[in-house]
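no sequence for this one, just the structure:
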């Protein structure tokens, strides 16, 4: 997990609230990703960014938004439009030189 | 479109015995294949990858995987399992011919090593 930090580790949200998950990296990697993990379903791609000030929708982007104003940071906002947000959220970066993706420690979001 | 199948939800093996975790993939271009391990409430840790070259890839903690193009498989193996290998294992693929570097993951296989 070294080099990628996610906060908070646990997050509780009331229905109708927007919440923002933080992802910071000091690896100097250009590409960053957000995945969602549900039991028995593996990881699904929410959004990704290949460079600062640019990002693309992944496979399950509805109800989520992101920004990439700095190379080091890729925050994810879970909006009230996301109907089933309870999940484990993982941020990742890719090393351009090794083509290997590295993951942060994750944030567990629970809707009350 | 690309996809990964991990046909076993759980694999049970006795400590000291060899283990195999199966993975098959589908991708239109050249496959870049990866194995990751996840411990409870943690992020994924990189184990090994195949991009090109030797079909037998060696990785961390004594794990290895064999790329088989004709069978579109990339099974994870270890000659002698340890209790500490018990975890959730994910196989992932991406198309090496595209600019999108996001991975497609299998549903995961839980490995249980009994003492």
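It's in. Small disclaimer: the values here were computed from a predicted structure and weren't measured.

Pull up the gap between residue B:98 and residue B:5, please.
20 Å (CB to CB, to the nearest Å). C-beta: built from backbone N, CA, C; applies to glycine.

Could you find the closest non-adjacent residue to the residue nearest the centre of chain A?
In chain A, the centroid-proximal residue (CA atoms, centre = their mean) is residue A:34; its distance is 3.1 Å. Once flanking residues are discounted, residue A:34 sits nearest to residue A:46: 4.3 Å by CB to CB, 6 or more residues apart in numbering or on different chains.

do residue A:68 as well
With CB to CB, 6+ apart as the criterion, residue A:68 has its nearest non-adjacent residue at 4.3 Å, and that residue is residue A:49.

got the residue ranges for the strands in chain A?
Ranges of strands in chain A, per DSSP state E, are A:4-7, A:10-13, A:19-25, A:31-37, A:43-51, A:54-57, A:64-66, A:76-78, A:87-94, A:101-103, A:107-111.

Using a markdown table, please lay out the ones you listed together with mean pLDDT.
Shown next, in a markdown table, are the strands of chain A (pLDDT from 0 to 100):
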| stretch | mean pLDDT |
| --- | --- |
| strand A:4-7 | 96 |
| strand A:10-13 | 92 |
| strand A:19-25 | 97 |
| strand A:31-37 | 96 |
| strand A:43-51 | 95 |
| strand A:54-57 | 95 |
| strand A:64-66 | 97 |
| strand A:76-78 | 97 |
| strand A:87-94 | 96 |
| strand A:101-103 | 94 |
| strand A:107-111 | 94 |
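
Could you save the ones you listed as JSON lines and add columns showing distance to residue B:105?
Formatted as JSON lines, these follow (distance: least, CB to CB, whole Å):
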{"stretch": "strand A:4-7", "distance to residue B:105": "18"}
{"stretch": "strand A:10-13", "distance to residue B:105": "23"}
{"stretch": "strand A:19-25", "distance to residue B:105": "18"}
{"stretch": "strand A:31-37", "distance to residue B:105": "8"}
{"stretch": "strand A:43-51", "distance to residue B:105": "4"}
{"stretch": "strand A:54-57", "distance to residue B:105": "18"}
{"stretch": "strand A:64-66", "distance to residue B:105": "18"}
{"stretch": "strand A:76-78", "distance to residue B:105": "18"}
{"stretch": "strand A:87-94", "distance to residue B:105": "10"}
{"stretch": "strand A:101-103", "distance to residue B:105": "10"}
{"stretch": "strand A:107-111", "distance to residue B:105": "18"}
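
Quick check: beta-bridge partners of residue A:31?
Judged by DSSP bridges, the bridge partners of residue A:31 are residue A:94.

For stretch B:2-14, buried residues please.
For stretch B:2-14, a neighbour-count test (16 or more other CB atoms under 10 Å in any protein chain shown) marks B:2, B:4, B:6, B:11, B:13 as buried.

Model confidence score at the residue of chain A most remote from its centre, please.
For chain A, the residue at maximal distance from the C-alpha centroid (CA atoms, centre = their mean) is residue A:97, at 22.1 Å. pLDDT recorded at residue A:97 is 81.
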